[in-house]
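K.L.:
with the sequence up front, the predicted model follows.
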Amino acid sequence: MISINYSYFFRIELLHKYFANNLCNDFIITPSAETQAAIKGNKMLAKQYGNALYTALQTDDDNRAFMVPSDKLQLTFFMQLNSGLFYNYTNLPSVFKPGKLYYFSNRNNNAVNGKKFISQSVLYDNNKDYVPGDIAIGGGTIYQCIKGCKNVTPSGANNANWMKIDKNQYVSEQDAVQWIPSVSTYTFETLQPDATIDAWAFNLADNAFSNHVISESISFKDPVKQFKLDLSTLAPGKYKLKINSNEQFIYINDELSAKPVFGVIEIFNDSSIAAPYQLLNGNILNSPVYSINFLNRSTIWKYILKNTSKGKITITPAGFNFPATASDVIISQSPIPLNETPLNVSLALTVVDNDNVNITVPDVACPSPSRLTSFTNGPDKYACSEIFLNH
């Protein structure tokens, strides 16, 4: 007699370096309407608990799938943000145009440090102008730009421009795509006499967006600034779109017309993707755990004393420096990561109420992510955390 059980099909965990336990509970994950039907049809279960989405599939006693899903199975989940402070403590732009979202998939072969990340790898590009906050890989390690640069390799030796993070992978603008309806109004920057439209889908043969699915040219009677863009022949998913000289990655799914989301997760039951990311080995469940990991925001820390006082800030762990000269406004010399676990900060007061003193104040407050301002140093712009001290 064969008994039927449920075993883990796959799990998606959300992580964040800001939190002491690294667990990110800032999102609600829900399946698309099409995925709800696929879950029901394949006798699957999908449920979120805390920072993770768990999916299960019917199996026998040997962990073999009782009903093997199609090799064409595509499961889509939406990430709805439920934290008002998320962008304050997360190393992502807080301002962007409507329709932008982040796209994650098990087609991204980005397994490092014992985890299967489903964000894209952030390879270093020596032709790119890096600005504070950008991240890139150097020697297998993630570094964050702390001073604008170009053609300066991320490394410990170049610590004037780069701050070492760790060997994990993090969500970045590489994962950003533009959501558009299947039928929309496309706007040119200038009047155009015609439109050349090309779209490419993901190609399993080369793991790139090279499958040419749309090639069309439209000539207008008179030059126009806008035209009707009809992509309704495309199934929901991610595509590379080029209209005249403008190329971008897009995501199409008309469900999002009624509910904008932070991100989309697409999981494919595909035997051609990288082995660690595959859901099944024949009819045996691999039960992979996929990871989406967010980096905490780094800010300039600005301590403000009474204008009749002066002091110096010391912080541990080492590596984050403040000026050696006492002042009533004490500004960190480089960005410092915001963290739920406070750093050890002390204040050495040298002047109070215009009188010379020698007082050490331990356990000085670290910044809260609830309030950010901006700080400019030459061409570089930073987020800034101001801390007012009653000394």
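P.N.:
Yes, it's here. Note that the structure is a prediction, hence the values are computed from the model and not measured.

K.L.:
how distant is whichever strand or helix holds residue 194 from the center of its chain?
P.N.:
Secondary structure from DSSP states H and E places residue 194 in strand 183-203. How far strand 183-203 lies from its chain's middle: 27 Å, per CA atoms, centre = their mean, to the nearest Å.

K.L.:
stretch 147-164 too?
P.N.:
Distance of stretch 147-164 from the chain centroid (CA atoms, centre = their mean) equals 21 Å.

K.L.:
swap in stretch 315-335?
P.N.:
On CA atoms, centre = their mean, the centre of stretch 315-335 falls 29 Å from that of its chain.

K.L.:
begin at 30 from now on, thanks
P.N.:
Will do, 30 is the new start, and the previous item becomes stretch 344-364.

K.L.:
before we move on, back to that, neighbouring strands - and their directions - for the strand holding residue 223?
P.N.:
Applying DSSP bridges, strand 212-232 is found paired with strand 237-259 (antiparallel), strand 266-272 (antiparallel).

K.L.:
give me the residues contacting that strand.
P.N.:
136, 237-249, 252-261, 263, 266-273 (CB atoms under 8 Å, 6 or more residues apart in numbering). Yep, even glycine has a C-beta here, placed from its N, CA and C like the rest.

K.L.:
just the buried members of these?
P.N.:
Among the contacts of strand 212-232, those that count as buried by neighbour count (16 or more other CB atoms under 10 Å) are 136, 238, 243, 253, 256, 258, 260, 263, 266-270, 272.

K.L.:
and residue 162, how far is that from residue 176?
P.N.:
As judged by CB to CB, to the nearest Å, residue 162 and residue 176 stand 11 Å apart.

K.L.:
low-confidence ranges in the chain?
P.N.:
Low-confidence segments of the chain, defined by pLDDT under 70: 30-32.

K.L.:
quick test: name the residue nearest the centre of it.
P.N.:
Central residue of the chain (CA atoms, centre = their mean): residue 200, 2.5 Å from the mean position.

K.L.:
so it sits against residue 325, correct?
P.N.:
No: with contact defined as CB atoms under 8 Å, residue 200 does not reach residue 325; the gap is 11.7 Å.

K.L.:
ok, residues contacting stretch 369-387?
P.N.:
Residues outside stretch 369-387 that contact it (CB under 8 Å, 6+ apart) are 47-49, 332, 335, 337-346, 349, 355, 365, 388-395, 418, 420.

K.L.:
go again with 7 Å.
P.N.:
By CB atoms under 7 Å, 6 or more residues apart in numbering, the residues outside stretch 369-387 that reach it are 47-49, 337-345, 355, 388-391, 393, 395, 418, 420.

K.L.:
hmm, which of the residues you listed are the buried ones?
P.N.:
By neighbour count, with 16+ other CB under 10 Å, the contacts of stretch 369-387 hold 47-48, 338-342, 344, 355, 393, 395, 418, 420 as buried.

K.L.:
could I get the full set of strands for the stretch 280-420 of the chain?
P.N.:
Assignment of strands within the stretch 280-420 of the chain using DSSP state E, counting those that start in this stretch yields the ranges 292-297, 309-310, 313-314, 318-323, 327-333, 339-345, 358-360, 365-366, 373-381, 384-390, 402-406, 409-417.

K.L.:
let me fix that: the stretch 30-179 of the chain
P.N.:
Along the stretch 30-179 of the chain, the stretches classed as strands by DSSP E, counting those that start in this stretch are 34-45, 56-60, 73-78, 81-88, 103-110, 129-134, 139-141, 144-146, 164-167, 170-174.

K.L.:
winner for burial among the ones you listed?
P.N.:
Counting by mean count of other CB atoms under 10 Å, strand 170-174 has the highest mean neighbour count of the strands of the stretch 30-179 of the chain, with a mean of 23.

K.L.:
quick one: that one to chain centroid distance?
P.N.:
14 Å.

K.L.:
residues in contact with it?
P.N.:
159-165, 183, 190-197, 199, 327.

K.L.:
adjacent strands (with direction) for it?
P.N.:
Strand 170-174 sits in its sheet next to strand 164-167 (antiparallel), strand 191-193 (antiparallel), going by DSSP bridges.

K.L.:
possible to save these as TSV with distance to residue 399?
P.N.:
Converted to TSV, those look like this (distance: least, CB to CB, whole Å):
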stretch	distance to residue 399
strand 164-167	24
strand 191-193	24
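
K.L.:
those: which one's closest to residue 313?
P.N.:
With CB to CB as the criterion, residue 313 lies closest to strand 164-167 of those, at 33.2 Å.

K.L.:
buried residues in the strand holding residue 223?
P.N.:
In terms of neighbour count (16+ other CB under 10 Å), strand 212-232 has its buried residues at 215, 221, 224, 226, 227, 228, 229, 230, 231.

K.L.:
run a quick neighbour tally on residue 68.
P.N.:
For residue 68, the neighbour count with other CB atoms under 10 Å is 18.

K.L.:
is it true that it touches residue 60?
P.N.:
Yes: between residue 68 and residue 60 there is a contact under CB atoms under 7 Å: 6.3 Å.

K.L.:
what touches both of those two?
P.N.:
residue 75.

K.L.:
could you break the chain into its assigned domains?
P.N.:
Following automatic domain parsing, one gets these domains for the chain: 34-132+293-323, 328-417.

K.L.:
just how off-centre is the shortest one within its chain?
P.N.:
Offset of domain 328-417 from its chain centre (CA atoms, centre = their mean): 28 Å.

K.L.:
and stretch 261-270, by the same measure?
P.N.:
22 Å.

K.L.:
who's in contact with stretch 122-135?
P.N.:
Outside stretch 122-135, the residues touching it (CB under 7 Å, 6+ apart) are 116, 147-148, 200, 204-209, 267, 280, 290-297, 302, 306, 319, 321.

K.L.:
no wait, stretch 81-90
P.N.:
Applying CB under 7 Å, 6+ apart, the external contacts of stretch 81-90 come out as 31-43, 58, 72-76, 94-96, 106, 314.

K.L.:
OK, contacts around the spatially closest residue to residue 415 that is not a sequence neighbour?
P.N.:
In space, and not counting its chain neighbours, residue 415 is closest to residue 331: 4.9 Å by CB to CB, 6 or more residues apart in numbering. Residue 331 makes contact with 358, 360, 404, 413, 414, 415, 416, according to CB under 7 Å, 6+ apart.
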